[in-house]
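[1] Next comes the sequence, and after it the predicted model I'd like to discuss.
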Amino acid sequence: MSELNDLERQEEDRELKQIAGIPRHIEINERSIKEYDTEFAKKGLVPESKDYPREDFHLVKNQKRFDSLVDKSKGIQTNHGNV
């Protein structure tokens, strides 16, 4: 049972790291994530990833993932079919 708890805790930590930090290259809307953090903190609680609204959690996670791939100095370019 303890191994399962450890795995669940590791998965939880991994998910929360995906929405942590400040994006370097793009602006994203984290308003609801921050509001949840604030309200949980007021009650002396620490939210788990499952406590966030799933749509907002996944949106922020995907935006931060995209941000990690973007090089702002080059901008976003498309290939237009040239390979």
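    Sure, I can see it.
[2] residue closest to the middle of the protein?
    In the chain, the centroid-proximal residue (CA atoms, centre = their mean) is residue 19; its distance is 2.0 Å.
[3] buried stuff in whichever strand or helix holds residue 14?
    Per DSSP states H and E: residue 14 is located in helix 2-17. Neighbour counts using 16 or more other CB atoms under 10 Å place 15-16 of helix 2-17 among the buried residues. From N, CA and C alone the C-beta is placed, and that goes for glycine too.
[4] pLDDT at residue 74, what is it?
    Residue 74 is assigned a pLDDT of 73 by the prediction.
[5] Span of stretch 16-31 from start to end?
    Chord length of stretch 16-31, first to last residue, is 16 Å (CA to CA, to the nearest Å).
[6] mind listing what's buried in it?
    Within stretch 16-31, the residues that count as buried by 16+ other CB under 10 Å are 16, 18-19, 28, 30.
[7] now, which of those sits nearest residue 56?
    Of all the buried residues of stretch 16-31, residue 30 has the smallest distance to residue 56: 8.3 Å, by CB to CB.
[8] is it true that that closest one touches residue 61?
    No. Residue 30 is beyond contact range of residue 61, at 10.6 Å (criterion: CB atoms under 8 Å).
[9] what's the overlap in contacts for those two?
    Listed as contacting both residue 30 and residue 61 by CB atoms under 8 Å, 6 or more residues apart in numbering are residue 19.
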